[in-house]
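Chemist: pasting the structure only:
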């Protein structure tokens with residue numbers, strides 16, 4: 001059974017750091033480009049960060065650039081999102097996704113093969 005399970009979310013204060021984890025099972029992460037996405041209340045799901053199969057290419061939404069870092073551990077079938085200097089605008093449900101097609105699909109959140117169930121991150125001021 002294919003699963004992506006996110007963890008690490010919670011309630012934090014502005015300026016704090018949080019590391020999200022995404023554990024995959026039922027498929028091999030190394031065969032997929034991986035990404036993180038988020039959905040705030042009343043808004044559509046949006047791209048946050050992406051990492052290529054090898055880890056050699058990464059991309060970030062402008063709103064999180066220089067604050068968030070995506071990484072992957074293919075040996076442990078996992079992907080991570082280190083989030084620093086959080087602000088209230090980062091409050092959202094965070095999802096990881098796996099894309100077996102073109103890397104660019106992650107940037108537009110299209111043709112994502114697998115989604116996790118999400119983890120809530122709430123940033124208080």
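Modeler: Yep, it's here. The structure presented is a predicted model; accordingly, all values stated were derived computationally and were not measured. Numbering: from 1, shown residues only.
Chemist: what's downstream of the helix or strand of the chain with the lowest mean pLDDT, the next helix or strand?
Modeler: Across the helices and strands of the chain, mean confidence by mean pLDDT, DSSP states H and E is lowest for helix 104-107: a mean of 91. Using DSSP states H and E, the helix or strand that follows helix 104-107 towards the C-terminus is strand 114-115.
Chemist: quick check, residue 120 in contact with residue 90.
Modeler: No. If you go by C-beta atoms under 8 Å, residue 120 and residue 90 don't touch, sitting 11.5 Å apart. Quick note: C-beta positions are derived from backbone N, CA and C, even for glycine.
Chemist: between the two, which is the more surrounded one?
Modeler: residue 90 (22 against 12; other C-beta atoms under 10 Å).
Chemist: can you pull the contacts of that one?
Modeler: 38, 64, 83, 121, 123 (C-beta atoms under 8 Å, 6 or more residues apart in numbering).
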